[in-house]
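S.K.: My questions are about this predicted structure, shown below with the sequence.
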Amino acid sequence: MIYHITSVQDWQLQTNALEFIPSDYHKEGFVHCCTSEQLDGVIERYFKGVSGLVLLQLDEMKLTAELKYEPSTNDEKFPHLYGPINREAIVKITSL
């Protein structure tokens, strides 16, 4: 499993869509994700004190877009999804 954090607002705007496209996707060119081991660090670095977030738990085997593990912060490899998140891959949605 991998995870993606997004705002409740972005999530609600696309509730009925077949795919979820994060608001920064077109600027970044991919969807930022993380593993369960990286999750606490990502929340601490990028979302500390931010409210109104949801955590999407994704089944890597059900993703239809290309997933690559690429070096990022401190050369740690993070999962980057090169396309939208298809609904079938979303296993669980949790408020943060």
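M.R.: On my side now, so go ahead. Because the structure is a prediction, the values reported are computed rather than measured.

S.K.: Quick check, Y25 in contact with V31.
M.R.: Yes: Y25 sits in contact with V31 when judged by CB atoms under 8 Å, with a separation of 6.0 Å. All C-beta atoms are positioned from the backbone trio N, CA, C, and that covers glycine.

S.K.: Compare these two and say which is more crowded by neighbours.
M.R.: For Y25 against V31, the residue with the higher neighbour count under other CB atoms under 10 Å is V31, and the figures read 25 against 17.

S.K.: how about the nearest residue to the more buried one, chain neighbours excluded?
M.R.: With CB to CB, 6 or more residues apart in numbering as the criterion, V31 has its nearest non-adjacent residue at 4.0 Å, and that residue is L81.

S.K.: do you know how far the one you found is from G49?
M.R.: Plainly put, L81 is 26 Å away from G49 if you go by CB to CB, to the nearest Å.

S.K.: Settle it for me: which of these two has more neighbours?
M.R.: Set side by side, L81 and G49 give different neighbour counts by other CB under 10 Å, the larger being at L81 (24 against 4).

S.K.: And the helix or strand hosting that one, what's buried?
M.R.: In this assignment (DSSP states H and E), L81 forms part of strand 77-82. By neighbour count on 16 or more other CB atoms under 10 Å, the buried set for strand 77-82 is 78-81.

S.K.: Closest one to D10 out of those residues, please.
M.R.: Of all the buried residues of strand 77-82, D10 sits closest to L81, with 15.2 Å by CB to CB.
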